[in-house]
Every structure is written in structure tokens, then in C-alpha cells.
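A.B. asks: Got a predicted model here, sequence first, then my questions.
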Amino acid sequence: MLKGKSALVTGSTSGIGRAIALALAAEGANVTINGFGDKAVIEQERAAIEKKFGVKAIYSGADMTKPTEIADMVRMAEKTFGALDILVNNAGIQHVANVEDFPVEKWDAIIAINLSSSFHTIRAALPGMKKRQWGRIINIASAHGLVASAQKVAYVSAKHGLVGMTKVVAIECANSGITCNAICPGWVLTPLVQAQIDARAKASGRPVREEEIALLAEKQPMHQFTTPENIGALAVFLASDAAATITGSAYSIDGGWTAA
């Protein structure tokens, strides 16, 4: 479906970003992966993508708090593949505290990585996309881009901002062959969340599945996690020609979290 296209996925050395990069590569897209981690493990993953899917994969260790490194990463993708067709802004971090206790440095870091980095990647990628009259920009927001939760002031602010940014880019690029959409996941079963569930089960003495349901039910009517692979499949659809007139939308994939 995406053979010959080039994609850049930020924060893609693990978790949701990794699943998105794999899903795009499986459809024939060359990929630029980005993120922190053990260099040997990242290289192993990069090589495995090329071998499994028959595409070219490169790695950028760009720090998503640094606009210059972000711009260099976009230029590297364009130089390597001749174009950057698909941009997925996924990089993100989290910190939890009441507003009055929220560390200023944590606020600054979350806004920089979860919001500002997407502005910098989009700003760098748009000239080439406009020149070619084709592009797909996909911002990984959150259910917290649509509704709030306590103790997540920076994350909620950043994700609401990202949904707003998505709409502005969509309007500006409406007749440039470029679409811009947001994906808003609810509970996603990542290793971090699994560790949280295991800790709850250990503390309560209840079965893990009971604690899973209890955690999900705090927010979602559906007692089922979204998987990173679910999100990857939605990203592939939004990058495809079938989604050519879908733009400015925020797609909830949240088990009904934001339905109420």
C-alpha cells in the first residue's frame, strides 16, 4: 500500500512508535526510526526491519527537545530517501503531580517533547511535502487530548495543544495534497502499564485480570486494552490513499473513554 514512500516516526525505538514504524514498513514504506535506548539493540532492530520487510531503515538519535537536531533529522530522511512523505509525531513523556506540586522542569520537558517537537518536525517537513503535493502527517495525541484527568496538567495541556495544531495544519494544507490527523489512544497495554497492573495485583492479592478490569474501568466502558498494533494499523490507513480526504480529525481509539 505504501511502497516507495518514506516515513519518519519519532519515539519509535519502543512501544507505540515501534509498532507504527513496523506497520508502515510492512506496507512497503522506507522508515526513519528515532528515540533513545541501547545503541546495539536499536541497530539490531533497524537491521531486522530491513531484512523482514525488504525496505530501507535508518536511525536518528535526534533529541526531541532540540529544534536544530529535529531539523537535521528531517533533512537526513529527505536526503536518504529523496523525500519525506509520511511524518508520525509519537515521541512523548509523562509526569504525574498536582498542579501546585508540578516541577517546572517537568512541565518544560513535557511541553517540549509532547507538543513543541511536533511543531518543529512539521515545520521542517512541510516545504518538501508541498513541493511534491503529497504528504501525510499523523500526530499521536491521546484521550487526554480530548478530556482531562487530574495530576496530568502538562500532559493534558500538550495533547490538547497537539489536537489543535493538527487542525491548523489540516486547514492550511487542505489543497496541497497533504493531510494531518491525530490518533487519540486510551489505555494501551505497554510494559509500563503491565508493571502497574502487576503491582496492583500484588498489593491487593487479587488476580491480574481483575486488576486489569479495575484499571480499565476507571476510564473506559470497554474492558479491553488497545494494542500498539491497533494504533499502527490505524496509522497505515491514515497514510493511505483511502484517507486522502480525511484531514483535521482526531481519531479516538479508546474503548469508549471519550464517548460519554
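C.D. replies: Thanks, I have it.
A.B. asks: got the buried residues for the strand or helix carrying residue 215?
C.D. replies: Using DSSP states H and E, residue 215 sits in helix 208-217. Within helix 208-217, the residues scored as buried using 16 or more other C-beta atoms under 10 Å are 211, 212, 213, 215, 216. Quick note: C-beta positions are derived from backbone N, CA and C, even for glycine.
A.B. asks: Need the phi and psi values for residue 185.
C.D. replies: phi -70, psi 150 (degrees, to the nearest 10).
A.B. asks: And the residue nearest the centre of this structure?
C.D. replies: Taking C-alpha atoms, centre = their mean as the criterion, residue 90 is the residue nearest the geometric centre of the chain, at 2.3 Å.
A.B. asks: In this structure that one contacts residue 18, no?
C.D. replies: No. If you go by C-beta atoms under 8 Å, residue 90 and residue 18 don't touch, sitting 9.2 Å apart.
A.B. asks: who touches residue 69 in this structure?
C.D. replies: 62, 63 (C-beta atoms under 8 Å, 6 or more residues apart in numbering).
A.B. asks: Wait, a strand at it?
C.D. replies: No. Looking at residue 69 with DSSP: H, G, I helix; E, B strand; the rest coil, it is helix, so not inside a strand.
A.B. asks: which residues of this structure fall in helices?
C.D. replies: 15-26, 39-53, 67-81, 104-111, 117-132, 153-172, 191-204, 208-217, 228-239 (DSSP state H).
A.B. asks: Tabulate those (CSV), appending distance to residue 179.
C.D. replies: Shown next, in CSV, are the helices of the chain (distance: least, C-beta to C-beta, whole Å):
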stretch, distance to residue 179
helix 15-26, 15
helix 39-53, 24
helix 67-81, 18
helix 104-111, 25
helix 117-132, 10
helix 153-172, 7
helix 191-204, 30
helix 208-217, 31
helix 228-239, 7
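A.B. asks: Relative to residue 6, which of the ones you listed is closest?
C.D. replies: helix 67-81 (3.7 Å; C-beta to C-beta).
A.B. asks: List the buried residues for the closest one?
C.D. replies: 67, 69, 70, 71, 73, 74, 76, 77, 78, 80, 81.
A.B. asks: burial of the closest residue to the first one other than its chain neighbours, as a residue count?
C.D. replies: By that I understand residue 67. Excluding its sequence neighbours, the residue lying closest to residue 67 (C-beta to C-beta, 6 or more residues apart in numbering) is residue 120, at 4.7 Å. Counted by other C-beta atoms under 10 Å, the residues lying close to residue 120 total 22.
A.B. asks: Ok, the one 5 residues further on next?
C.D. replies: By other C-beta under 10 Å, 26 other residues sit near residue 125.
A.B. asks: what sits against it?
C.D. replies: 8, 74, 84, 87, 135, 137.
A.B. asks: wait, doesn't the first one sit right on residue 73?
C.D. replies: Yes. Using C-beta under 8 Å, residue 8 and residue 73 qualify as a contacting pair, with a distance of 7.2 Å.
A.B. asks: intersection of neighbour lists for these two?
C.D. replies: Joint contacts of residue 8 and residue 73 (C-beta under 8 Å, 6+ apart) are 32, 34, 121.
A.B. asks: domain ranges for the chain?
C.D. replies: 6-188+227-253, 189-225 (automatic domain parsing).
A.B. asks: And the average pLDDT for the shortest one is what?
C.D. replies: The average pLDDT for domain 189-225 rounds to 94.
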